[in-house]
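A.B. asks: Next input, structure requested:
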Amino acid sequence: AYSALFYMVLSLATGIVFFTVTVTGIGLSLGFSILIIGIPFVILFFGLVRVLALVEGRIVETLLGARMPRRPLYSTRGQPLLQRVGAMFRDPRTWSTLLYLVLQLPLGIAYFTLAVTGLSLALSFALSPIAYLLIEAGTLGIESTDVNWGVPWLPPIVSVPLCFVLGIVLLFAMLHLARGIAILHGAIARQLLVKSAQH
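C.D. replies: Residues are numbered from 1 along each chain as shown. Okay, here's the model as predicted:
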């Protein structure tokens, strides 16, 4: 669960990198397609996409616990170069990998937002008794009457422990949510990055 939470935070950065590389590569490939360097550029771009897929596979395997193959399964080894290039264009995994890399940005934004918001709420509620004691002691320079401790109609002696319990519950809920996202994202990664290579 903790490594899944780390992946949720990290996925924003990897999503930005993957999305930028993919969209830029697709745009340049289309632009260069009318020039003589178009085909070599597309081949290099698809090679880079496969490298990014391997890197993401290692990240998913390490942080989410989803088993990923150690290397891509190519059925074109030993064939002439032009046949291998044609097979790369016809391979559904090439296109599903491009889709995965583009999807990483919206997924990364959603995962990052969920992780940061959920952890912030859980920790702020769980640490509310410490904040209450510091405010009552006058060490923070804030009057206790200026702070709303959860439920307005309950005195702080009741609402502060309730906030603490809610924070602990939220923290465990976030850990379960992170684990669920790890299982779901691992299945998405296997489906888009490696499944078609096995058929």
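A.B. asks: Low-confidence ranges, the protein, go.
C.D. replies: Applying pLDDT under 70 to the chain flags residues 69-79, 81-82, 138-156, 195-199.
A.B. asks: all helices of it, in order?
C.D. replies: 2-32, 38-64, 81-90, 92-126, 128-136, 156-189 (DSSP state H).
A.B. asks: if I look at the residue lying closest to Leu99 once chain neighbours are set aside, how far off is Leu166?
C.D. replies: Distances taken as C-beta to C-beta, 6 or more residues apart in numbering place Leu192 nearest to Leu99, at 6.1 Å, with adjacent residues excluded. Where C-beta positions appear, they are placed from N, C-alpha and C, glycine not excepted. Distance, Leu192 to Leu166, by C-beta to C-beta, to the nearest Å: 38 Å.
A.B. asks: Please say which of the two ends up with more neighbours.
C.D. replies: A direct count of neighbours by other C-beta atoms under 10 Å for Leu192 and Leu166 places Leu192 higher, at 21 against 16.
A.B. asks: Provide a list of residues in contact with that one.
C.D. replies: Under the criterion of C-beta atoms under 8 Å, 6 or more residues apart in numbering, the neighbours of Leu192 are 96-97, 99-100, 103.
A.B. asks: most surrounded residue in these?
C.D. replies: Thr97 (26 neighbours).
A.B. asks: Just list the residues touching the nearest residue to it once chain neighbours are set aside, thanks.
C.D. replies: Closest residue in space to Thr97, ignoring its immediate chain neighbours: Ala53 at 4.7 Å, by C-beta to C-beta, 6+ apart. Contacts for Ala53 (C-beta under 8 Å, 6+ apart) come out as 72, 97, 100-101, 193.
A.B. asks: farthest pair in those residues?
C.D. replies: Using C-beta to C-beta, the two most remote members of the contacts of Ala53 are Pro72 and Leu101, lying 14.7 Å apart.
A.B. asks: Against Phe164, how distant is Leu99?
C.D. replies: Counting by C-beta to C-beta - Leu99 and Phe164 are separated by 44 Å.
A.B. asks: try Gly65
C.D. replies: Distance, Gly65 to Phe164, by C-beta to C-beta: 31 Å.
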